[in-house]
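*Asks:* one predicted model, sequence on top.
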Amino acid sequence: MNILVVDDELPIVRGIVKMLEQEKDLDIDHIFSAYGRDQALRIMEKEKIDLLFTDIKMQNGSGLSLLSKIEEKNLNCIRIIITSYPSFEFAQEAIELGVDGYLLKPVTRENIRQIIEKAFLRRKEKHPHSFYSIDLQNPYTPILKKAKKYIEEHLFEDLNRQQVADNVHVHPDYLSRILKEDTGRSLSEYIKYRRILESQKLLDYSEMSITQIAQATGFKTTSYFCTVFKQITGFTPFDYRNRYHE
């Protein structure tokens, strides 16, 4: 399951991400962060997002306008609103936009867990054959889990398609195809994407230089790292670090 957290307050986003990371039973694959409507939409157009948390009031486009765009673009995901402003008007509009849950700040880990479980249960009751129901008969699942685990364990090494495919005993083209069906990314793209996610953490929490981060996350040159980083996030590493550390 991929989750996107949207709020224009950086501490709020980091707090929710941290709480989600502690929920080991929720089968979370990746947690994305956005700090405004447009950035959130860019992520949702590139990534398969299963669960969205969004604030209602933000400086860079409201959460309700984000939900409206999601409806317009037919981006299917569970939608949970987080807000400091309890309001019947907001709640009514949110319901019309297909919101699955409504949380008031300050949010606790227990509240997050409860709202996720309730939202998934409601979706499962309404759509019993959708992606919200786990398909235990999917023959790709064991291969994909093993491949993803191998990638995580060797992410900072000189990793390539053939190595990953050899580890799960399939042809790299076959692995790339089923991985793309699952994540929307080919095998090579998925490796780059995971490296960029790790580099974001280093940009957020370390004092390492951009060149050091490029080397640490498996990129052979800083220029290539910067190119891939911008393709995936919409920012250069320098702009990303400056924007979210102001």
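*Replies:* Structure received.
*Asks:* what's the first helix or strand after the lowest-mean-pLDDT helix or strand in the chain?
*Replies:* Taking mean pLDDT, DSSP states H and E as the measure, the chain has helix 88-96 as its least confident helix or strand, at a mean of 56. Next in sequence after helix 88-96, counting helices and strands by DSSP states H and E, comes strand 101-104.
*Asks:* now what about that next one, what contacts it?
*Replies:* Strand 101-104 has contacts (CB atoms under 8 Å, 6 or more residues apart in numbering) with 78-84, 86, 91, 94, 111-112, 115-116, 118-119. In short, each C-beta sits where N, CA and C put it, glycine included.
*Asks:* filter the residues you listed down to the buried ones, ChimeraX style.
*Replies:* To isolate the buried ones among those in ChimeraX, judged by 16 or more other CB atoms under 10 Å, type:
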select :78,79,80,81,82,83,94,111,112,115,116,119
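*Asks:* where exactly do the helices run in this structure?
*Replies:* In the chain, the helices defined using DSSP state H lie at 10-21, 37-46, 63-73, 88-96, 109-126, 141-153, 161-168, 172-183, 187-205, 210-216, 222-233, 237-243.
*Asks:* for residue 28, find the nearest of the ones you listed.
*Replies:* Counting by CB to CB, residue 28 lies closest to helix 10-21 out of these; the figure is 6.4 Å.
*Asks:* list the helices and strands the closest one packs on?
*Replies:* strand 2-6, strand 30-34, helix 109-126 (3 or more CB pairs under 8 Å, 6 or more residues apart in numbering; DSSP states H and E).
*Asks:* what's across from the most centrally placed residue in the chain in the sheet?
*Replies:* The chain has residue 32 as the residue nearest its centroid, 3.2 Å off, counting by CA atoms, centre = their mean. Legend: beta-bridge partners of residue 32 under DSSP bridges are residue 4.
*Asks:* residue 169 - how many residues pack around it?
*Replies:* 9 (other CB atoms under 10 Å).
*Asks:* any idea how far it lies from residue 175?
*Replies:* 10 Å (CB to CB, to the nearest Å).
*Asks:* try residue 239
*Replies:* Residue 239 is 34 Å from residue 175, by CB to CB.
*Asks:* with neighbour numbers in mind, choose between the two.
*Replies:* residue 175 (25 against 13).
*Asks:* name the nearest residue to that one, ignoring sequence neighbours.
*Replies:* residue 165 (4.8 Å; CB to CB, 6 or more residues apart in numbering).
*Asks:* can you report how many residues lie near that neighbour?
*Replies:* Neighbours around residue 165, by other CB under 10 Å: 20.
*Asks:* ok, back up a step: list the contacts for the residue nearest to the centre of the chain?
*Replies:* Residue 32 neighbours (CB under 8 Å, 6+ apart): 2, 3, 4, 5, 43, 47, 49.
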